[in-house]
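Novice: Need a 3D model of the following:
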Amino acid sequence: MTPMTATPTTWRRTALWLALVFVAAFGAGCGVKSAPLPPELARPERILDLRALADPHGIKLAWSRPIRLTGGHSMRDLSGFVILRAEGDAPMVALVKIPVTDQQRFSVQHEFDYLDAETVIGDRYRYQVVSETSDGYTSDASNEVGFTRVKPLPPPNPATYALPTPAPLP
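Specialist: Numbers count the residues shown, from 1 in each chain. Okay, the predicted model is just below:
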């Protein structure tokens, strides 16, 4: 009996067979896992809890992180927010873009805030927030909050602070 010798044709068939086995084993896990969402369902849900607070240095805005898309799926690609501001009754204009940088962290940020230090005491301002995904989808504008900046009260002076007189017992 003579030993088997491999011909170039045999090597090509073996290589082709190995390539098919590799694609069948490892290539089956690639690709789309579910049906794609239409654009109107791939947008972040609208933020509904925007609030404005007094701050000695301006007006502080605070809101919760949107966690779902309008289609109901979980949102994993939040990339940032755009703060809109209007002075008085003027139309809203983009004030600042705030990036979200916690996508790769174990624990994500649930609350966001922004201090608008470019305000004038006595003037009225209105705000809204728009969230964005890394794919470029944007939410509808959030609830609108209005705030008139007032001069903050001075802190209590320990030298002149007097405790209230207690009321007599019955």
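
Novice: can we go C-alpha only for contacts and neighbour counts from here?
Specialist: Noted.

Novice: tally of neighbours for Pro91?
Specialist: 10 (other C-alpha atoms under 10 Å).

Novice: Any stretches of this structure with poor pLDDT?
Specialist: In the predicted model of the chain, residues 1-8, 11, 19-40, 103-106 satisfy pLDDT under 70.

Novice: Helices of that one, start to end?
Specialist: Per DSSP state H, the chain carries helices over the ranges 8-26.

Novice: if I pick the most centrally placed residue in it, what's in contact with it?
Specialist: Relative to the mean C-alpha position of the chain, the nearest C-alpha, by C-alpha atoms, centre = their mean, is the one of Leu78, at 4.4 Å. When contacts are counted by C-alpha atoms under 8 Å, 6 or more residues apart in numbering, Leu78 is found next to Val100, Gln103, Ser131, Glu132, Thr133, Ser134.

Novice: Could I get the buried residue list for stretch 47-59?
Specialist: For stretch 47-59, burial by neighbour count (16 or more other C-alpha atoms under 10 Å) applies to Ile47, Leu50, Arg51, Ala52, Ala54, Asp55, Gly58, Ile59.

Novice: my guess is the fourth one meets Phe147, correct?
Specialist: When you say that, I think you mean Ala52. Yes. The pair formed by Ala52 and Phe147 meets the contact definition of C-alpha atoms under 8 Å, at 6.6 Å.

Novice: Run through the bridge partners of Ser74.
Specialist: In this structure, Ser74 has the following beta-bridge partners (DSSP bridges): Arg68.

Novice: if I look at it, how far off is Thr165?
Specialist: 57 Å (C-alpha to C-alpha, to the nearest Å).

Novice: between these two, who's got more neighbours?
Specialist: Under the neighbour definition other C-alpha under 10 Å, Ser74 and Thr165 were set side by side, and Ser74 has more, 12 against 6.

Novice: Surely the more buried one touches Pro44?
Specialist: No. Using C-alpha under 8 Å, Ser74 makes no contact with Pro44, being 9.3 Å away.

Novice: Find residues that contact each of these two.
Specialist: Common contact partners of Ser74 and Pro44 (C-alpha under 8 Å, 6+ apart): Ile67, Arg68.
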